[in-house]
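Participant: Pasted the sequence and its predicted model underneath.
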Amino acid sequence: MSDTQKIRLGDAIFNNIDDNDFLNVLYDNMLYNYAILKLHLEGLREARNIDVKAALRFADLLSKSTHETKADEHKMWAQEIVTILMELYPDNEDVSYYAGSVLASVGNFRGMENIETQYKESSLQEKAYAVFCEEYLTVPAETGKKFFIPQKNIYDKLESPYFSYSAPTSMGKSFIMEMFIKERVMSGAKMNFPRIVPTKALINEVRKDTIDGLDKLLEEMNYSVVTAASDYSLEEEHNFILVMTPERLLYLLISKPEFKLDYMVRNPSISMLKTGLIA
């Protein structure tokens, strides 16, 4: 066989797994039974048959996906499968064991804290990977918390000169931004961070979250959270976290053209611009 005809084992396994008829029927039946459970239709609808062992094997396989473009989707699917199975079969030890294995494989250590599982890394390679991930995914600003791997990938790029990223609500985009700002504040950085929100209705919510997250650090590091260009704090010597709509921020920059912005963060999707040249 020539080099051009060779294919990696991972590619052979994962290239067409999305179209596997058996997997898709299993998944459809799981969703159907899950709906019956959550909508309390047990006496009105008959549950479908689910091959639990097969579903667990698929989840384990998907959690180890090496597909070039779909690996993240496969790993999310694996987590969804074990999550649904834990709801449908809360006393099944095989389900809880595989759930631990899947969450460990995808590096979801935050998820592992919320389940009871007998899973333990068995091989030296698995143990080494777990130790590495525990350290690698630790949130710098709050060492008791862990990032998901996609969150960590985003976090590590936030100091790039220009960076933009969009993701579903479940990604935890606000958490990433809050941890980045908190780490900067804790490190003693003297910066101004605008957090741009799309509507005035979100200003108070984001302001409260920002204050609650930083707590005593605001006073200790001389930071003030402001929401309008008329805030009296802007006349004092502080570093600022601005929670504003684009219109309010524009008005502030027009009224105070000397005001310097160091990073600009836009909610709800992550869009961060390093604005060291803006004054």
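Facilitator: Received the coordinates, thanks.

Participant: got a list of what the closest residue to residue 106 other than its chain neighbours touches?
Facilitator: Leaving aside its chain neighbours, residue 106 sits nearest to residue 75 (4.4 Å; criterion: Cβ to Cβ, 6 or more residues apart in numbering). Glycine gets a C-beta too; all of them are placed from N, C-alpha and C. Counting by Cβ atoms under 8 Å, 6 or more residues apart in numbering, residue 75 makes contact with 62-63, 65, 105-106.

Participant: State the next helix or strand along the chain beyond the helix or strand harbouring residue 59.
Facilitator: Using DSSP states H and E, residue 59 sits within helix 52-62. Per DSSP H and E, helix 52-62 leads on to helix 71-88 as the next helix or strand towards the C-terminus.

Participant: Tell me what angle that following helix forms with helix 52-62.
Facilitator: On the basis of axes from the mean of the first three to the mean of the last three Cα atoms, to 10 degrees, helix 71-88 is oriented at 150 degrees to helix 52-62.

Participant: Now do the same for helix 71-88: mean pLDDT, whole number.
Facilitator: Averaging pLDDT along helix 71-88 yields 93.

Participant: do the same with stretch 156-165
Facilitator: On average, the pLDDT along stretch 156-165 is 78.

Participant: swap in stretch 225-241?
Facilitator: Rounded mean pLDDT across stretch 225-241 is 91.

Participant: what's the first-to-last distance across that stretch?
Facilitator: By Cα to Cα, to the nearest Å, the extent of stretch 225-241 from end to end equals 5 Å.

Participant: before we move on, back to that, if any of the contacts of residue 75 are buried, put those into a PyMOL selection.
Facilitator: Buried subset of the contacts of residue 75, written as a PyMOL selection, criterion 16 or more other Cβ atoms under 10 Å:
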select buried, resi 62+63+65+105+106
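
Participant: Show me which of the contacts of residue 75 is closest to residue 21.
Facilitator: residue 62 (15.7 Å; Cβ to Cβ).
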